[in-house]
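Peer 1: predicted model and sequence follow; I will ask about them next.
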Amino acid sequence: MESLFAMSASTSLLLCAALVVAALFLADRARQARASAKAKLLESEYSGDLQPPPGPHAWPVIGNLHLLAGYAVPYQAFGDLARRYGNVFKLSLGTTPCVVVNGLANIKEVLVAKGAQFDGRPNFRRYHELFCGDKENSLAFCDWSSVQKARREMLRAHTFPRAMSARWTQLDGLLGVELDEVRGRLDAAGPGQAVEAKPLLLAACANVFTSYFCSKRFQLNDPAFNDMVRNFDRIFYEVNQGYAADFLPWLLPLHSRHLSTLAGWSHKIRDFMTDEIVQERLDSWERAETAEDYVDELIGHVRGNAEPAITWDTAMFALEDIVGGHSAVGNLLVKVLGYVAAHPEVQDRVHEEAVRAGVVQGKAVTLADRTLMPYTEGVVLESIRLISSPIVPHVANQDASIAGHRVEKDTLIFLNNYELNMSPSLWTKPEEFMPERFVSPEGRLSKPEHFLPFGGGRRSCMGYKMVQYVCFATVANLLNEYRVLPVQGRDYTVPIGNLALPWDSFQFHFERR
Ligand code: HEM
């Protein structure tokens, strides 16, 4: 047997080389075959003979809207209906054809594998009204276009600052400034006095966002700044509500007064942004190699006539959408405090984690401590899981298919992440607040694949890093230094199903540790 393997060094080398070439050739063929099979699958996905998904009988006028009544969160109804009709089923809401998609594989099929076929957004009149008559002005509610692609690309460097980069360090410093202000206000209130958390945290987040994206900070007693914060929050509350009129547009006249109030809030925001932030930047703008901040990025694109062309009006809407992201973060933070007020043991664990990470008394927790504090990150993620705010609905931009069911162009697609967040088959004791579920046995942050609070694919959230950074810094610093205590006799039930809270929501006592 041995003689079979006895050959000269050059023959061995030649043979090895031939084997490597053959292996590479075969691997390449296999890759091509896989790619072509995938392409064929994608091509044949919509073949006229696929069946539409099953679903309940739809009534005239209301369709299946009545099936969503009586649930705290419509997505709970979707879970119950999925148990009857299967993971992918159709509904008519009013006259709008909808498909509800349950299950990780099916949701990823829509968001990722076929993201380009399902990248539209609903055409609700309310969305048009909110954005000066054209929902294409909105970053989150527009359909996909070259302008949206460019808007997302322009944002990337600003909303996803790389750890240790100059922008990340700048954000860390700005967080330090605002959290010092928060501490000052809490200490001034003293332990006996209940503090209304929402105005305090919204103002801090607003200043982080305006400082970071626009290089402008405001005094906390500036009435115009406080009006801006309030108006953004009003609009945020509004876009988080579901309206039957979205599906029954003939009900809209009943909302016309309210819609014009909303338009008034938007105009006030525009005036503030123009007068207090943008005008002087436009007047003094000079072309530079790299953008100083997001305002500079937008001015550079518009003034530099970059492709695709974006009007200054469109750029202003994009800026307002991003600065308005502070409302999402501020409301989320108040909800996080609502959860931890009921869980003093969670607060103690955050404090102990900060101490273990080397944060000594008198020193602030910084973004650099994040990797050493996975449990604290877990507190934020666990709150996001339980709140289960929905993925913004998508719309099919062409005839397509989901899980082998025919889905026609313009069908509205609900992606049921409530089930992904709350299913007992995916989580241990899903109803309980357990931040430790996001920490691996090795002590590292661990997010399961089925946890998709920021969506995915080409319409995924552009603000999730800001959410993680701002929430981490705020929660870590507050819980490291204070005990957050409920006020006797108050209800601390955290509303779920969307991020928004009413203006008068939770008060807490902040007691220095
Ligand atoms: C506070 C918690 C937040 C949650 C849970 C959240 C979640 C989401 C979700 C689920 C989507 C839709 C994803 C999809 O359709 O696949 C989305 C879209 C978006 N988010 Fe967030 N978000 C948050 C905060 C923010 C913040 C702070 C910003 C801005 C700084 C932001 C900017 C955006 C934008 C621009 C889109 C639209 C992207 C597009 O349609 O192309 N988000 N977000």
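Peer 2: Perfect, thanks for sending it. Predicted model only: the values in this text are computed from it and were never measured.
Peer 1: hmm, who's touching the helix or strand harbouring residue 419?
Peer 2: Assigned by DSSP states H and E, residue 419 belongs to helix 417-422. The contact list for helix 417-422, computed with CB atoms under 8 Å, 6 or more residues apart in numbering, reads 73, 75-76, 78-79, 82, 102-104, 107, 385-386, 388, 390-391, 426-427, 430-431, 450-453, 497. Every residue, glycine included, has its C-beta placed from N, CA and C.
Peer 1: list buried residues within those.
Peer 2: Buried subset of the contacts of helix 417-422 (neighbour count, 16 or more other CB atoms under 10 Å): 73, 75-76, 78-79, 82, 102-104, 107, 385-386, 388, 390-391, 427, 450-453, 497.
Peer 1: restrict those to those near the ligand?
Peer 2: 391, 453 (CB under 6 Å from any ligand atom).
Peer 1: which of the buried ones among the contacts of helix 417-422 fall within helices?
Peer 2: 75-76, 78-79, 82, 104, 107, 385-386 (DSSP state H).
Peer 1: which residue sits closest to the closest residue to the ligand within the stretch 151-300 of the chain, ignoring its sequence neighbours?
Peer 2: Residue nearest to the ligand within the stretch 151-300 of the chain: residue 159 (5.4 Å; CB to the nearest ligand atom). For residue 159, ignoring the flanking residues on the chain, the nearest one in space by CB to CB, 6 or more residues apart in numbering is residue 462 at 5.2 Å.
Peer 1: so that neighbour sits right up against residue 152, yeah?
Peer 2: Yes. In this structure, residue 462 is within contact of residue 152 by CB atoms under 8 Å, at 6.2 Å.
Peer 1: more neighbours, these two?
Peer 2: residue 462 (20 against 17; other CB atoms under 10 Å).
Peer 1: that one in helix, strand or coil?
Peer 2: Under DSSP: H, G, I helix; E, B strand; the rest coil, the three-state class of residue 462 is coil.
Peer 1: returning to what we had before: residues contacting the residue nearest to residue 159?
Peer 2: Counted by CB under 8 Å, 6+ apart, residue 462 has contacts 139, 152, 155-156, 159, 322.
Peer 1: repeat that for residue 511.
Peer 2: 191, 482-483, 485.
Peer 1: quick one: contacts of stretch 300-318?
Peer 2: So stretch 300-318 is contacted by 131-132, 137-139, 146-147, 150-151, 154-155, 270, 273-274, 278, 285, 287-288, 291, 298-299 (CB under 8 Å, 6+ apart).
Peer 1: what is the mean pLDDT for it?
Peer 2: Average pLDDT, stretch 300-318: 95.
Peer 1: what residues sit buried inside it?
Peer 2: Buried residues in stretch 300-318 (16+ other CB under 10 Å): 300-302, 310, 314-318.
Peer 1: dump these to TSV, plus secondary structure.
Peer 2: Output for the buried residues of stretch 300-318, formatted as TSV (three-state DSSP):
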residue	secondary structure
300	helix
301	helix
302	helix
310	coil
314	helix
315	helix
316	helix
317	helix
318	helix
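Peer 1: now render these as a markdown table, adding distance to the ligand.
Peer 2: A markdown table is the format used below for the buried residues of stretch 300-318 (distance: CB to the nearest ligand atom, whole Å):
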| residue | distance to the ligand |
| --- | --- |
| 300 | 19 |
| 301 | 16 |
| 302 | 19 |
| 310 | 15 |
| 314 | 14 |
| 315 | 14 |
| 316 | 15 |
| 317 | 11 |
| 318 | 8 |
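Peer 1: so residue 81 sits against residue 54, correct?
Peer 2: No. Residue 81 lies out of contact with residue 54 (CB under 8 Å); the separation is 10.1 Å.
Peer 1: which neighbours do these two share?
Peer 2: Counting by CB under 8 Å, 6+ apart, the residues touching both residue 81 and residue 54 are residue 89.
Peer 1: if you count surrounding residues, which of these two has more?
Peer 2: Of the pair residue 81 and residue 54, residue 81 is the one with more neighbours under other CB under 10 Å, namely 20 against 12.
Peer 1: in space, what's closest to the more buried one - neighbours in sequence excluded?
Peer 2: residue 89 is the one closest to residue 81 (CB to CB, 6+ apart), at 6.1 Å.
Peer 1: please identify the helix or strand for that neighbour.
Peer 2: strand 88-93.
Peer 1: now that strand: buried residues?
Peer 2: For strand 88-93, by 16+ other CB under 10 Å, it's 88-93.
Peer 1: near the ligand too, which of the residues you listed?
Peer 2: Within these, nothing lies near the ligand by CB under 6 Å from any ligand atom.
Peer 1: next, give me the two most distant ones among the residues you listed.
Peer 2: 88 and 93 (16.2 Å; CB to CB).
Peer 1: which residue is the nearest non-sequential neighbour of residue 132?
Peer 2: Nearest one to residue 132, counting by CB to CB, 6+ apart, is residue 266 at 7.1 Å.
Peer 1: specify the local secondary structure of the one you found.
Peer 2: Per three-state DSSP, residue 266 ends up helix.
Peer 1: count residues in the vicinity of residue 229, would you?
Peer 2: 24.
Peer 1: what sits against residue 285?
Peer 2: Contacts of residue 285 (CB under 8 Å, 6+ apart): 296, 299, 303.
Peer 1: relative to residue 304, how far out is it?
Peer 2: 10 Å (CB to CB, to the nearest Å).
Peer 1: what does residue 388 give?
Peer 2: Counting by CB to CB - residue 388 and residue 304 are separated by 42 Å.
Peer 1: now residue 346
Peer 2: 49 Å.
Peer 1: what of residue 362?
Peer 2: Taken as CB to CB, the span from residue 362 to residue 304 is 47 Å.
Peer 1: which parts of the stretch 1-150 of the chain sit against the ligand?
Peer 2: Counting by CB under 6 Å from any ligand atom, the stretch 1-150 of the chain sits next to the ligand at 111, 139-140.
Peer 1: buried ones only from the residues you listed, please, as a PyMOL command.
Peer 2: Applying 16+ other CB under 10 Å to those, the buried members can be selected in PyMOL as follows:
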select buried, resi 111+139
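Peer 1: could the residues of the stretch 1-150 of the chain next to the ligand be laid out in CSV, adding distance to residue 247 and pLDDT?
Peer 2: Shown next, in CSV, are those (distance: CB to CB, whole Å; pLDDT from 0 to 100):
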residue, distance to residue 247, pLDDT
111, 23, 98
139, 23, 97
140, 19, 96
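Peer 1: and of the residues of the stretch 1-150 of the chain next to the ligand, the nearest to residue 173?
Peer 2: residue 139 (26.5 Å).
Peer 1: with adjacent residues omitted, what lies nearest to the closest one?
Peer 2: residue 321 (4.4 Å).
Peer 1: just give the nearest non-adjacent residue to residue 230, would you?
Peer 2: residue 503 (7.5 Å).
Peer 1: helix, strand or coil for residue 56?
Peer 2: Assignment for residue 56 (three-state DSSP): coil.
Peer 1: before we move on, what about residue 53?
Peer 2: coil.
Peer 1: contacting residues around it?
Peer 2: Taking CB under 8 Å, 6+ apart as the definition, contacts of residue 53 comprise 85-86, 88-90, 99, 402, 405-407.
Peer 1: same thing but 10 Å
Peer 2: 85-91, 99-101, 401-407, 411 (CB atoms under 10 Å, 6 or more residues apart in numbering).
Peer 1: now swap in residue 257 and tell me
Peer 2: Residue 257 neighbours (CB under 10 Å, 6+ apart): none.
Peer 1: the stretch 251-400 of the chain: helices as residue ranges?
Peer 2: 256-272, 279-283, 294-303, 312-323, 325-341, 344-356, 374-387 (DSSP state H, counting those that start in this stretch).
Peer 1: closest to residue 121 out of the ones you listed?
Peer 2: Per CB to CB, nearest to residue 121 of those: helix 312-323, 13.3 Å.
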